[in-house]
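**Student:** Sequence plus predicted model, see below.
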Amino acid sequence: MSESALYLDNAATSFPKPRAVYDAMVRYGTEVGASPGRGQYRASREGASIIRRCRERLATLLNAEDPGHIVFTLNTTDALNLAIKGVWRQWRLTRPGSPARIVTTAMDHNSVLRPLDALGAEGLEVVVVPADPVSGLVNPAAVARAIDGRTALVAVNMASNVGGTIQPVAEIALCCQAAGVPILVDAAQALGHLTVDVRVIGADFVAFPGHKGLLGPQGTGGLYVRPASASLLATTREGGTGSWSESRSQPESMPERFEAGSHNTVGIAGLGEAVQWVLDRGVGALRAHELSLIRLMLEGLRAGGCRHPGWEADGAGPLCGFRLLGPAEAERRVGVFGLVHDVLSPPEVAAGLESGFGVLARAGLTCAPLAHETFGSAAGGGACRLSIGPFVTEPDIERALTAIGKVGLSASGFARKTGHAVA
Ligand SMILES: Cc1ncc(COP(=O)(O)O)c(C=O)c1O
């Protein structure tokens, strides 16, 4: 990536990462190298300690009861697949022949929707709870209404990768508890940005990436499994764990039960340093920085004439061709901004931002087609999404706003053709 580029695709994966992350990965690759814990020699033991420390740091960050209940995965998608398919498999093993339903929401990502769709072919009933078309908020009462005696799981997104909407997951979890149904929280856009306290939320399972808000490397992620809920999860993959090798059955002990095969130890070495960086700064301070940038962005968009149903628009300003998706209030969102232009397609906006201004943004449906249907942006091909991270600064936001305005104005030729009024 060129040094002059302004990377605003942190919702896909964060960049840059703290220096210590890269250093730990290089050190593991060049100086340790061994398969962790599988051998008795020092390097193997060191690998095992690196994995244990990373697990402990993640448990601290999540306020988890037991580090052993943090399962390493490849990414959020892998963790969501483990939780969804593990619950489905266990349901079928323990209640053969009885129908099952999984409830999710229109704000959920394809990493939830596609595993559910695949299980639909095996007889699972999937219920999608709609969200508010402006804010993207899901009403906990609507989730409660969707739960019935056949419900095996509720899977909800904590923060949207389209509108940035922060969902009331603790309230939704209360509805689930009242009905005796486990809840899986997709914290892909939340961890590292918001406080995710598994005990305050009351989550049974939390799927998270290592490579987004936690600032770890790609190829890392995890699933928190509440100790009391571990029995609801069957394994979806079995294999060697370096322990209980005399047994042909997968061990019952955590986390080995769900961690068959060699770890991504180089990645976990980097992730351990990343989580320590987040713990040292404090999620509260990171959120405060993000909030100040969100406010600046929202104020700039509004002042530039960008439209939102919660804002009065006079149709003037360089941003008047744009519409912002998601809540109007900074406190109700994470640093993800989905923008739709009246004339330019999302890829045209993203291409204009990169070629003219070095601003790197993502365009399209961003794997959340139902969220775009909710916001009315699906038919136009989604949105151009800009997403911030902890290394983004106020001048970066000013630069992005200027670039968005200029790209929007460059559409005036198109706009005249289509009769659209551009100030
Ligand atoms: C809400 C949400 N869930 C799941 C995912 C999948 O994350 P991963 O790339 O870690 O598999 C993403 C990725 O952008 C996301 O935004």
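**Tutor:** That came through, no problem.

**Student:** Need phi/psi at the residue nearest to the spatial centre of the chain.
**Tutor:** Nearest to the mean C-alpha position of the chain, counting by Cα atoms, centre = their mean, stands Ala188 at 1.7 Å. Per-residue torsions, Ala188: phi -60, psi -40 (degrees, to the nearest 10).

**Student:** what's the nearest residue to it if we skip its chain neighbours?
**Tutor:** Thr76 (4.3 Å; Cβ to Cβ, 6 or more residues apart in numbering). No exception for glycine: its C-beta is placed from N, CA and C like everyone else's.

**Student:** and the gap between the one you found and Val407?
**Tutor:** Look at Thr76 and Val407: by Cβ to Cβ, to the nearest Å, they are 31 Å apart.

**Student:** With neighbour numbers in mind, choose between these two.
**Tutor:** Taking other Cβ atoms under 10 Å, Thr76 and Val407 do not tie; Val407 has more neighbours (28 against 25).

**Student:** Make sure that one is actually in contact with Leu344.
**Tutor:** Yes. Applying Cβ atoms under 8 Å as the test, Val407 and Leu344 come out as touching, 7.2 Å apart.

**Student:** Now do the shared contacts for these two.
**Tutor:** Residues touching both Val407 and Leu344 (Cβ atoms under 8 Å, 6 or more residues apart in numbering) are Gly352.

**Student:** close enough to count as contact, the residue nearest to the centre of the chain and His109?
**Tutor:** Yes. Between Ala188 and His109 there is a contact under Cβ under 8 Å: 6.9 Å.

**Student:** Chain neighbours aside, what residue packs nearest to the residue of the stretch 251-400 of the chain found nearest the ligand?
**Tutor:** The nearest approach of the stretch 251-400 of the chain to the ligand comes at Cys367, 6.3 Å away (Cβ to the nearest ligand atom). Of all residues not flanking Cys367 in the chain, Asn110 sits nearest, at 4.3 Å (Cβ to Cβ, 6+ apart).

**Student:** what helices or strands is the helix or strand containing Ala350 leaning on?
**Tutor:** For Ala350, the enclosing helix or strand under DSSP states H and E is helix 346-357. Contacts defined by 3 or more Cβ pairs under 8 Å, 6 or more residues apart in numbering; DSSP states H and E place helix 346-357 against strand 336-341, strand 359-360, strand 362-364, strand 383-387, helix 394-409.

**Student:** any idea of the pLDDT on the nearest residue to Trp91 once chain neighbours are set aside?
**Tutor:** Nearest non-adjacent residue to Trp91, counting by Cβ to Cβ, 6+ apart: Ala152, 4.6 Å away. We note a pLDDT of 98 for Ala152 in this prediction.

**Student:** Could you pull up the residues touching Ala152?
**Tutor:** Contacts for Ala152 (Cβ under 8 Å, 6+ apart) come out as 87-88, 91, 100-102, 181-182.

**Student:** what does Ala20 give?
**Tutor:** 273-274, 276-277.

**Student:** Quick check: the two most widely separated of these?
**Tutor:** The two members of the contacts of Ala20 with the most space between them (Cβ to Cβ) are Ala274 and Gln276, at 7.2 Å.

**Student:** So these two - more neighbours on which side?
**Tutor:** Ala274 (27 against 19).

**Student:** Quick check, that one in contact with Gly213.
**Tutor:** No. Taking contacts as Cβ under 8 Å, Ala274 lies outside contact range of Gly213: 9.7 Å.

**Student:** Can you give me the buried ones in stretch 288-303?
**Tutor:** For stretch 288-303, burial by neighbour count (16 or more other Cβ atoms under 10 Å) applies to 289-291, 293-294, 296-298, 300-302.
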